[in-house]
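> compute the structure for the input listed below.
(2 chains)
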Amino acid sequence: MTRLSDLLSERPWALSFAGAGLVWLAAIAFTGGYGAGGMITSALALATFMVIVGVGQMFVITLGPGNVDLSLPANIGLASAVAMTVMNNDDSLVALGLAAAAGTGLAIGLANYLLIRSLRIPPIIATLSASFIIQSIAIAYGRGLQIKPPDGFADFTNAQLFGLPVLALGAILFTVIAAIVLERTLYGRGVLATGQNMNAAHLAGVKVERVRAVTYALCGLLGGLTGALLAGYFRGASNDLGNEYLLASIAVVVIGGTSVAGGRANLPGIWGASLFLVLLLTMLNTFGVSPGMRLVLTGLIIVAVITLAGGRDRTRG
Amino acid sequence: MERALALKPDLALLARKLLPAFSLLLVVAAIAWLNPRAISYLGFNLMLNLAIPIILATLAQMFVMAGNDLDLSIGAFVGFVGCVAATWLNEAPLLGAAVLFGSILVYAGLGALIHWRNLPSIVVTLGMSFVWQGLAILVLPDPGGAAPEWLMAAMGFAPPFVPFPILAAILIAAATHFGLMRTSYGAILRASGGNAAAVARAGWSLLRIRMTLFGLAGLFGVLSGLSLIGITTSGDANIGAGYTLLSIAGVILGGGEFVGGRVSPTGAVMGALTLALAASSLLTFLQVPPDWQIAANGAILILVLAARVLIGRGKAA
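Sure thing, here's the model as predicted:
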């Protein structure tokens, strides 16, 4: 048991990958091996979206206790509508639409930061208030709008290369870049330092406020981009598109071994935890459990996993 | 980090204490100005129709926040209680009562789990929100059921001169104020949010305090769900969906803070009343289109927080 806990404290993300593997084995044992490969392909595609928002949320959570972005679901909903409107069912406008979605997310992230900074309120309530306003904008803006993606964009988001989703390959590249940014750039080290001790970081010359602003902006941008990609993948934008990403974005960060107390991030864990969550839902679907039971089991398993994996830090909130 | 000190410290403190009452009066005054006929026995009864369950859910959140935690599952829990009340409590009162009592124990158990494993409460309660919602769907798959007669009778009580919601608000505020602000254990409960280490060193069990706070949250959640079903007369798994955000906003409007055990039962009741009035009546009288009503709630929250900063306490964040 001590061996295991040693391994886990050195590589906290190992647990999430092991969990994903176990869940996958349980699912294919149930189907008798049928659809084992397809399950991984679709899980990778769905995990991609969780990874992208999860990385954004991870940077925010790493800023320290109380830092969390609760506006992601509203952000995703609004950005998906903006992207589809700008693309206007025309494949030549895809890049513009993606830029518009990213810009929407970026603006939301900056607005979040301005609320936190100017009103000096905890991020949790700032992003919550912001999400109310974004939701309303999305409802008012979304009335009678073009919500279908152009065919080319929809095909691209569903495309596969050697049986692997193209989006997932892109997301793997993205996580590698994010890891480099976190570990090897001034900004990334600034995020970690701020999360460990904001005052010490400030005294050591880290531009704490700039780091926080960039982080919230980055998280918003990633949320906006995810909104556009989700609208392509599911072939339509909607205000509810991001609903499941509130719990998911926070859960993958925590299950993946990132410290909720801030100052310690874990990128590989985001992938493990995302695959775990997606495969878990797939497994419950294969078992044919009722929607109510599926919710109960999802919730219980998340609580059980963080009880096992988390709890090493002194944190609250 | 300097505070925008506009007033003398003691004056600022007083102004801050009066802010919840001032917000409430402002909303009532605005309603009176827009629609004088609403300020009547019948008018308040209609406008405050759903105030009692909102007040109770807000107090549930307040107990959790007193210990520096946050309950993101209270809305789903209220929905679950509502479904149990509209089915089992009506058909098999003993079973229904046992289930509701058991759910309060589950809440206390969550407090124990969060304390024992030092878990982040937002993740645990986010996971639990799935569990409660799933259970609600399992108990009552489609909206319907019927509230017990005695519950409807209790909520339909019409005292002379003072509208029932106002009378209930005063009684609930007085009872929780006495319990949390005037008893010695109430002071210990709040102190656990202020300086947990000191409370532990003084010989109090932090585990028991956490369990008490969460158990109280469960109790008030049950009361909120019961009163809600007494008013709506039938159940729906999603009936409490908005209560999580309303309850957090209510505590904050009432002068509560996320950390430090600084909460106020009377403030929370006033915050909940303000939201209940502002969220529906005021916005309707102001002819705010339904699309923008959610945004207006967010804006009200931001305005109150801005007012607090102006009054001269800004460092709590």
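> neighbours around the closest residue to residue B:288 other than its chain neighbours, how many?
Counting by CB to CB, 6 or more residues apart in numbering or on different chains, residue B:296 is the residue found nearest to residue B:288 once chain neighbours are left out, at 5.5 Å. C-beta coordinates here come from the backbone N, C-alpha and C atoms, glycine included. Here the number of neighbours of residue B:296 (other CB atoms under 10 Å in any protein chain shown) works out to 19.
> got it, and the one 4 residues further on?
Per other CB under 10 Å, the neighbour tally for residue B:300 reads 22.
> that one: which element?
Element membership for residue B:300 (DSSP states H and E) is helix B:293-311.
> and that helix, what does it pack against?
Contact here means 3 or more CB pairs under 8 Å, 6 or more residues apart in numbering or on different chains; DSSP states H and E; on that basis helix B:293-311 packs against helix A:94-119, helix A:123-142, helix B:9-34, helix B:243-253, helix B:265-276.
> nearest to residue A:250, of these?
Nearest to residue A:250 among the helices and strands packed on helix B:293-311 is helix A:123-142; the distance by CB to CB comes to 10.9 Å.
> next one: stretch A:80-88 to chain centre, how far?
Centroid separation for stretch A:80-88 versus its chain: 21 Å, with CA atoms, centre = their mean, to the nearest Å.
> show me what counts as buried in that stretch.
Residues of stretch A:80-88 classed as buried: A:80, A:81, A:82, A:83, A:84, A:85, A:86, A:87 (neighbour count, 16 or more other CB atoms under 10 Å in any protein chain shown).
> contact partners of the helix holding residue B:300?
A:115, A:119-121, A:125, A:128-133, A:135-137, A:139, B:4, B:6-7, B:12, B:15-16, B:19, B:23, B:245, B:249, B:252-253, B:274-275, B:278-279, B:283, B:288, B:314 (CB atoms under 8 Å, 6 or more residues apart in numbering or on different chains).
> what average pLDDT does it get?
The pLDDT scores in helix B:293-311 average 79.
> what's the angle between that helix and helix B:265-276?
Between helix B:293-311 and helix B:265-276, the angle comes out at 140 degrees (axes from the mean of the first three to the mean of the last three CA atoms, to 10 degrees).
> quick one: stretch A:79-94 near chain B?
No: using CB under 8 Å from any CB of the partner chain, stretch A:79-94 stays clear of chain B, coming no nearer than 13.4 Å.
> how about the residues of the stretch 151-300 of chain A near chain B?
So the stretch 151-300 of chain A meets chain B at A:246-247, A:250-251, A:254, A:260, A:290-300 (CB under 8 Å from any CB).
> just the ones of these in helices?
Using DSSP state H, A:246-247, A:250-251, A:254, A:291-300 are the members of these that sit in helices.
> show the buried residues in the residues you listed.
Judged by 16+ other CB under 10 Å, buried ones among those: A:246-247, A:250-251, A:254, A:292-299.
> which of the buried residues of stretch A:80-88 lies closest to residue B:128?
residue A:80 (28.4 Å).
> how close does the residue most central in space within chain B sit to residue B:39?
By CA atoms, centre = their mean, chain B has its centre lying nearest to residue B:58, at 0.6 Å. Distance of residue B:58 to residue B:39, given as CB to CB, to the nearest Å: 23 Å.
> confidence score at residue B:7?
Looking at residue B:7, its pLDDT stands at 56.
> and residue A:180, what element?
Assigned by DSSP H and E, residue A:180 falls in helix A:166-184.
> how far does that helix sit from its chain's centre?
That offset, for helix A:166-184, works out to 13 Å (CA atoms, centre = their mean).
> repeat that for stretch A:152-167.
With CA atoms, centre = their mean as the basis, stretch A:152-167 stands 20 Å off its chain's centre.
> restricting to C-alpha, output it in PDB.
Taking Å, rounded to 0.1, in the frame of the first residue of the first chain, the C-alpha atoms of stretch A:152-167 are listed here in PDB:
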ATOM      1  CA  GLY A 152     -16.500  21.200 -44.500                       C
ATOM      2  CA  PHE A 153     -16.000  22.400 -40.900                       C
ATOM      3  CA  ALA A 154     -18.300  19.700 -39.500                       C
ATOM      4  CA  ASP A 155     -16.400  17.000 -41.500                       C
ATOM      5  CA  PHE A 156     -13.100  18.300 -40.300                       C
ATOM      6  CA  THR A 157     -14.100  18.200 -36.600                       C
ATOM      7  CA  ASN A 158     -15.200  14.600 -37.200                       C
ATOM      8  CA  ALA A 159     -12.300  13.600 -39.400                       C
ATOM      9  CA  GLN A 160     -10.000  10.700 -38.500                       C
ATOM     10  CA  LEU A 161      -6.300   9.900 -39.400                       C
ATOM     11  CA  PHE A 162      -5.300   6.300 -39.000                       C
ATOM     12  CA  GLY A 163      -8.300   5.700 -36.900                       C
ATOM     13  CA  LEU A 164      -7.400   8.600 -34.600                       C
ATOM     14  CA  PRO A 165      -9.600  11.700 -34.500                       C
ATOM     15  CA  VAL A 166      -7.700  14.700 -36.100                       C
ATOM     16  CA  LEU A 167      -8.900  16.900 -33.200                       C
END
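> what is the mean pLDDT for that stretch?
The average pLDDT within stretch A:152-167 is 88.
> same deal with stretch A:284-291?
For stretch A:284-291, mean pLDDT is 84.
> kindly export stretch B:270-280 (C-alpha atoms) in CSV.
Presented in CSV, the C-alpha positions along stretch B:270-280 are these (Å, rounded to 0.1, in the frame of the first residue of the first chain):
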residue,chain,number,x,y,z
MET,B,270,-32.8,40.0,3.5
GLY,B,271,-30.6,39.0,0.6
ALA,B,272,-32.9,36.2,-0.3
LEU,B,273,-36.0,38.5,-0.1
THR,B,274,-34.2,41.1,-2.2
LEU,B,275,-33.4,38.5,-4.9
ALA,B,276,-36.9,37.1,-4.7
LEU,B,277,-38.4,40.5,-5.3
ALA,B,278,-35.8,41.7,-7.7
ALA,B,279,-35.6,38.5,-9.7
SER,B,280,-39.3,38.5,-10.7
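> is chain A within reach of that stretch?
No: Stretch B:270-280 stays clear of chain A (CB under 8 Å from any CB), getting no nearer than 10.8 Å.
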